[in-house]
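Enquirer: Turn this into a structure:
(chains A and B)
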Amino acid sequence: QVQLQQSGTELVKPASSVKISCKASGYTFTSNYMHWIRQQPGNGLEWIGWIYPGNGNTKYNQKFDGKATLTADKSSSTAYMQLSSLTSEDSAVYFCARGRFAYWGQGTLVTVSS
Amino acid sequence: DVVMTQTPVSLSVSLGNQASISCRSSQSLLHSDGNTYLSWYLQKPGQSPQLLIYLASNRFSGVSNRFSGSGSGTDFTLKISRVEPEDLGVYYCFQHTHLPYTFGAGTKLELK
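Expert: Numbers count the residues shown, from 1 in each chain, chains lettered A, B, ... in the order given. The predicted structure is shown next:
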């Protein structure tokens, strides 16, 4: 069955970067888009962008251009999202979701605090 | 960006009654490939959103037939018949026809 296992909670300092992961199993990793979505505390959901692991192509929500960088490692079927120049506004739960958004990871909480 | 407007913001229902949530988009969600990429999700506290309805009216695998989606163009509705305790949470509509993809702000379904 399709599973997306995300990395654990991160507590990071302002101005730093963080890289979170999403390990896929149960399907062909290279043939499906992987999306990333943000949910700020008490707020709704925002689509960050997608990566196509088969060729590494990416597409970003303009709002997250320069903030998020999506990569994928075909050998380990793992997608990554790096967030840079972190501020308190980046404190949120981040989800990965496959293809047509039917399958989601459990979410990774990122807290930015000094 | 396509704005997704959900109403109501919150909804109080009695167990066994019907609930209805509306979602209106600022542009038609009909894609050039003929599909309408409008989905409905339920998010329970501490969990990731779970897909209920895709392509506006198709129930996802394993989803109760008490959930039904309808609509086209810019107006969509999610109906939940005979509300049960496990249906409580926040419902989101979501469009992935136009980039950037966008979600509604959510409707909280509570017990009356």
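
Enquirer: Flag every residue of chain A that's near chain B.
Expert: A:35, A:44-47, A:59, A:61-63, A:95, A:100-102, A:104-107 (Cβ under 8 Å from any Cβ of the partner chain). Placement of C-beta: from N, CA and C, glycine included.

Enquirer: and those, which are buried?
Expert: Buried by 16 or more other Cβ atoms under 10 Å in any protein chain shown: A:35, A:44-47, A:61, A:95, A:100-101, A:104-107, out of the residues of chain A next to chain B.

Enquirer: can you redo those residues as CSV with pLDDT and secondary structure?
Expert: Conversion of these to CSV gives the following (pLDDT from 0 to 100; DSSP: H, G, I helix; E, B strand; the rest coil):
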residue, pLDDT, secondary structure
A:H35, 98, strand
A:G44, 87, coil
A:L45, 96, strand
A:E46, 98, strand
A:W47, 98, strand
A:N61, 98, coil
A:F95, 98, strand
A:R100, 90, coil
A:F101, 94, coil
A:W104, 98, strand
A:G105, 98, coil
A:Q106, 98, coil
A:G107, 98, coil
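
Enquirer: Those residues of chain B touching chain A, which are they?
Expert: B:39, B:47-51, B:54, B:60, B:92, B:94, B:96, B:99-106.

Enquirer: again, only using 10 Å
Expert: Counting by Cβ under 10 Å from any Cβ of the partner chain, the positions of chain B adjacent to chain A are B:1, B:4, B:6, B:37, B:39, B:41, B:43, B:46-51, B:54-55, B:60-61, B:90, B:92, B:94-96, B:99-106.
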